[in-house]
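S.K.: Sequence and computational prediction follow.
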Amino acid sequence: MSPFLKFYPRRLPFHLPVPETSLWYNLEASAKRFPNRPALHFGNASTTYGEFHDQAEALAGFLQKECGVRRGDRVALFMHNSPQFVIAYYGILRADAAVVPINCMNTTGELEHVLRDAGATTIITAQELQPRVEPLLGDAVRHSIVACYADYAGDEVATTLPEALASPRMSFSQPQVTLWHEVMARAIKPAPHTAGPDDLALICYTSGTTGKPKGCMHRHRGVMYSSVAIAHWHDVRHHGFALVVLPLFHVTGMQNSMNVHVYAGSRMVLMPRWNREAAFHAIARHQVTTITTVPAMIVDLISNYDAARHDLSSMRLIGGGGAAMPEAVAARLKELCNLTYIEGYGMTETLAPTHINPGERPKAQCLGLPIFDTDARVIDPTTLEELPQGSVGEIVVSGPQVLEAYWNKPEENAACFIERDGKKFLRTGDLGRIDEDGYFHFVERLKRMINAAGFKVWPAEVEALLYGHPGVQEACVIGKVDPRSGERVKALVVPREAARATLKAEELIAWSRERMAAYKVPDEVEFVASLPKSATGKIDWRLLQEQEAARR
């Protein structure tokens, strides 16, 4: 018997039965149970579960009748955290379609790649992002539904929204564009909901080892499993109140901060971007009980806590992952709130957690225990043989939450899955070990990847873009340890002869910012005379990464 079983939460089963329905049914059930309960708080306005349900239905009707969306079609969702994001997510599911959430930092080129790969010709976005969509209208995009965040913020727009997102409603002249409020006003009734647990619900894009985005296919059954598992593990009840601060286009925010609370019928306070003072205000105002974050946000919150102005006494659960929580910050959190930061582990491929620390006996800087129905092992990445306890190897996982396959990537599927004891295991690409109690610990990445505040940055993709600058001869991108965000992106660049006297780091960073998502932009550029090469002539990025670590 695995040693972790003796520390498995006693109140929980090892096997978790979940509803045999589509994810849409969770909203339908919560709307029937709590029709007048506020579900979504934004500024000083709120949307009840009944209104949430009806608006999602209106959107579904428009998608079906006006955009031609059919069962199994993919619809893109390109928006910051807002009531419209949550309503759109469930409206797409109500239309029997699959949601394709897209990172709001994506440029037009990155957006186009995802849309074409997924075959999504309808997109739901917000007016500040519509300029990135406009070049694709009439080609990759046939229909664009454009929302205005201020419409849902009441009279606290200025304090709820960053200036860039706070504009009043705009108008657009393109025939492919329909404004969100017009869709709601039409209130088209959708056809009966026919999607079931085995229908495609999500295609979430991540980056592959070559830097090319790849779509993770998740069916309703897997999304439902992950939502219900989180709710049970953390004992999320309908009387809970969540502060939604992680981006909902990312699986951690999507599952831990949205889908689990729709399932439970609890309430959500939505923040479009992280803002420390706004978070303090929301926690006290709404008596927030739970937050899922990355450690950098807690560092920011705790480091600026003022007992005379801030009240965190309502908090009951603070959890997350993406990077280890600094011990000093964890101690301060315990002192202020009597709470332990509960760390977990998961990937886009596993729709958030495969491991979570038990609340009764968490370990610091630890991935936790495998959750319900999840089989996790450590194998030798070369021989694929299972390794004994304490040995460092690649973590592989099998469970109901693991993706079915990568969308249109048969070669990736062949490389990323292995069979063991009649089960299909996903190779995570992460090196870890299992301790004497059965807890999993992260050691290092097998794949070359930078974790910048929870966002995955693949150096090969950034390097490819940097080579497009006329002054760049060679480039190598590595990760630089940062106490707040976990890692930062650093580029080592050999300038071309003609540019050696004139090319500046600030210029190259500004140039990069125009061509790639913000989290991928190098935070530091170091110019070097040459880059080390391997015997085959390839740039030796491992040596450069080791040198950076040695300097630290």
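M.R.: Arrived safely, thanks for sending.
S.K.: From now on I want contacts and neighbour counts done on CA atoms only, so please keep to that.
M.R.: Will do.
S.K.: Rounded mean pLDDT for stretch 383-391, please.
M.R.: Average pLDDT, stretch 383-391: 94.
S.K.: would you put the C-alpha positions of it in CSV?
M.R.: As requested, the backbone C-alpha atoms of stretch 383-391 are provided in CSV (Å, rounded to 0.1, in the frame of the first residue of the first chain):
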residue,chain,number,x,y,z
THR,A,383,14.3,3.7,-19.7
LEU,A,384,10.8,4.6,-18.6
GLU,A,385,11.1,2.1,-15.7
GLU,A,386,9.5,3.0,-12.4
LEU,A,387,11.9,4.3,-9.8
PRO,A,388,11.9,3.5,-6.0
GLN,A,389,10.9,6.0,-3.4
GLY,A,390,13.4,8.9,-3.0
SER,A,391,14.8,8.6,-6.5
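S.K.: Could you list the buried residues of it?
M.R.: 386, 387, 389 (16 or more other C-alpha atoms under 10 Å).
S.K.: could those residues go into JSON lines alongside secondary structure?
M.R.: Formatted as JSON lines, the buried residues of stretch 383-391 follow (DSSP: H, G, I helix; E, B strand; the rest coil):
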{"residue": "386", "secondary structure": "strand"}
{"residue": "387", "secondary structure": "coil"}
{"residue": "389", "secondary structure": "coil"}
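S.K.: Rebuild these as TSV, extending it with distance to residue 526.
M.R.: As requested, these are exported to TSV (distance: C-alpha to C-alpha, whole Å):
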residue	distance to residue 526
386	41
387	40
389	41
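S.K.: Mind naming the longest helix for this protein?
M.R.: Counting residues, the longest helix in the chain under DSSP state H turns out to be helix 49-65.
S.K.: before we move on, back to that, now, among the buried residues of stretch 383-391, which is nearest to residue 46?
M.R.: Nearest to residue 46 among these is residue 389, at 50.2 Å by C-alpha to C-alpha.
S.K.: Nearest residue to that closest one in space, ignoring adjacent ones along the chain?
M.R.: residue 434 (5.4 Å; C-alpha to C-alpha, 6 or more residues apart in numbering).
S.K.: Pretty sure the one you found sits against residue 390.
M.R.: Yes - here residue 434 reaches residue 390: they are 5.4 Å apart, a contact under C-alpha atoms under 8 Å.
S.K.: got the contact list for the residue nearest to residue 389?
M.R.: For residue 434, the contacting residues are 378, 389, 390, 391, 440, 441, by C-alpha atoms under 8 Å, 6 or more residues apart in numbering.
S.K.: In the sheet, which residues pair with it? Tell me.
M.R.: With DSSP bridges as the criterion, residue 434 is bridged to residue 440.
S.K.: any idea how far it lies from residue 14?
M.R.: The spacing between residue 434 and residue 14, counted by C-alpha to C-alpha, to the nearest Å, is 19 Å.
S.K.: what does residue 160 give?
M.R.: For residue 160, the distance to residue 14 - C-alpha to C-alpha - is 42 Å.
S.K.: now do residue 274
M.R.: Per C-alpha to C-alpha, residue 274 is found 36 Å from residue 14.
S.K.: before we move on, what about residue 511?
M.R.: Taken as C-alpha to C-alpha, the span from residue 511 to residue 14 is 52 Å.
S.K.: Residue 212 now?
M.R.: Separation of residue 212 from residue 14 (C-alpha to C-alpha): 37 Å.
S.K.: Give me the angle between the host helix or strand of residue 90 and helix 49-65.
M.R.: Using DSSP states H and E, residue 90 maps to helix 83-94. Put simply, helix 83-94 runs at 60 degrees to helix 49-65, going by axes from the mean of the first three to the mean of the last three C-alpha atoms, to 10 degrees.
S.K.: picking up where we left off before, residue 160 and residue 14: who's more crowded?
M.R.: Between residue 160 and residue 14, counted using other C-alpha atoms under 10 Å, the more crowded position is residue 160 (24 against 14).
S.K.: isn't that one right up against residue 41?
M.R.: No - applying C-alpha under 8 Å as the test, residue 160 and residue 41 come out as separate, 10.6 Å apart.
S.K.: mind listing what the residue positioned nearest the centre of the chain touches?
M.R.: Residue closest to the mean C-alpha point of the chain, counted by C-alpha atoms, centre = their mean, is residue 250 at 1.7 Å. Taking C-alpha under 8 Å, 6+ apart as the criterion, residue 250 is in contact with 101, 103, 204, 348.
S.K.: gap between it and residue 293?
M.R.: Residue 250 is 12 Å from residue 293, by C-alpha to C-alpha.
S.K.: cool, and residue 6?
M.R.: Computed as C-alpha to C-alpha, the residue 6 to residue 293 distance reads 28 Å.
S.K.: before we move on, what SS does the closest residue to residue 19 other than its chain neighbours have?
M.R.: In space, and not counting its chain neighbours, residue 19 is closest to residue 224: 7.4 Å by C-alpha to C-alpha, 6+ apart. At residue 224 the chain is in helix, as set by three-state DSSP.
S.K.: Quick one: residues contacting residue 224.
M.R.: Neighbour list for residue 224: 18, 19, 22, 23 [criterion: C-alpha under 8 Å, 6+ apart].
S.K.: so which helix or strand takes in residue 306?
M.R.: Using DSSP H and E, no helix or strand contains residue 306.
S.K.: and if you look at the one 5 residues further on?
M.R.: Remark: residue 311 resides in no helix or strand, with elements defined by DSSP H and E.
S.K.: Now do the same for it: its pLDDT.
M.R.: Looking at residue 311, its pLDDT reads 91.
S.K.: For it, list the residues it contacts.
M.R.: Counting by C-alpha under 8 Å, 6+ apart, residue 311 has contacts 280, 283, 284.
S.K.: What is the neighbour count of the closest residue to the first one other than its chain neighbours?
M.R.: So the one you mean is residue 280. Once flanking residues are discounted, residue 280 sits nearest to residue 310: 6.2 Å by C-alpha to C-alpha, 6+ apart. Neighbours of residue 310 under the rule other C-alpha under 10 Å: 14.
S.K.: Distance of the residue nearest to residue 19 relative to residue 53?
M.R.: 18 Å.
S.K.: Show me what the closest residue to residue 180 other than its chain neighbours bridges to in the sheet.
M.R.: Excluding the flanking residues, the one nearest residue 180 by C-alpha to C-alpha, 6+ apart is residue 147, at 4.8 Å. Under DSSP bridges, the beta-bridge partners of residue 147 are residue 126.
S.K.: pretty sure residue 147 contacts residue 182?
M.R.: No - between residue 147 and residue 182 there is no contact under C-alpha under 8 Å: 9.8 Å.
S.K.: quick one: pLDDT of the nearest residue to residue 95 once chain neighbours are set aside?
M.R.: Nearest non-adjacent residue to residue 95, counting by C-alpha to C-alpha, 6+ apart: residue 60, 4.6 Å away. pLDDT for residue 60: 98.
S.K.: got it, and residue 536?
M.R.: For residue 536, pLDDT reads 46.
S.K.: And residue 332, by the same measure?
M.R.: Residue-level pLDDT assigned to residue 332 equals 80.
S.K.: tell me the domain ranges of the chain?
M.R.: 21-195, 450-551 (automatic domain parsing).
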